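Visitor: Starting from these lines, generate the structure:
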Amino acid sequence: MRKKKVIKRHVINPDPKFASVIVSRLINKVMKNGEKRKARNIVYEAAQIIEKKTSLPFLTVFEGARTNAKPGLEMKSRRVGATKQRVPKEIDDERGEKIFLRWIVEGAKEKKTPYSMSEKLAEEIHNAYNKSGEAFKKKEALYKEAESGRVFSSFLKR
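Guide: Numbering: from 1, shown residues only. Sure, this is the predicted structure:
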């Protein structure tokens, strides 16, 4: 019998300014075309804007935004007879953080304002901290959809 291949996980180093892995993941999510210095500058400018706006340290605001907007489940498609049903499935913290970071960056990119990316990112993180904004709305919509699809949760293979 063949063994499953062991997947080596890529270790992400913490960023130099905040010494946080989640901030490093945010920088990687903002990064385009391998321009990490530019992405790092965008995130650090957003951190300065948030610290001026709230007079709180950036990491506490970011952690609060993460707890408010990070999902604890996601919807998976399962085939039931001839139809596909969307079934809620609980996810681990790492997957929830990935989804949270994607929602934050997408929400900042989709804003149709003349502001810079760092200002839009700061606004999106601040809105998630205050339980508003795109990321929080997506989480609420996801939980509403999961509540309606809870009937089909017995279809998930465990």
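Visitor: make it CA atoms for all contacts and neighbour counts henceforth
Guide: OK.
Visitor: now the residue positioned nearest the centre of the chain: how far from Val80?
Guide: The residue lying closest to the centre of the chain (Cα atoms, centre = their mean) is Phe100, at 1.4 Å. As for Phe100, its distance to Val80 is 29 Å (criterion: Cα to Cα, to the nearest Å).
Visitor: helix/strand/coil for Tyr115?
Guide: Classification of Tyr115 using DSSP: H, G, I helix; E, B strand; the rest coil returns coil.
Visitor: neighbours of Ala39, just the number please.
Guide: 20 (other Cα atoms under 10 Å).
Visitor: Now the element after the host helix or strand of it, going C-ward?
Guide: Assessed by DSSP states H and E, Ala39 sits inside helix 36-54. For helix 36-54, the following helix or strand on the C-terminal side (DSSP H and E) is helix 58-69.
Visitor: one step back: can you tell me which helices and strands the helix holding Ala39 packs against?
Guide: Judged by 3 or more Cα pairs under 8 Å, 6 or more residues apart in numbering; DSSP states H and E, the packing partners of helix 36-54 are helix 21-30, helix 58-69, helix 117-129.
Visitor: looking only at pLDDT, what's the mean for the helix or strand just after the last one?
Guide: Sequence order places helix 133-148 as the next helix or strand after helix 117-129, per DSSP H and E. For helix 133-148, the per-residue pLDDT values average out at 89.
Visitor: same deal with stretch 98-106?
Guide: Stretch 98-106 shows a mean pLDDT of 94.
Visitor: The residue nearest to the centre of the chain against Thr67, yeah?
Guide: No. Phe100 lies out of contact with Thr67 (Cα atoms under 8 Å); the separation is 9.4 Å.
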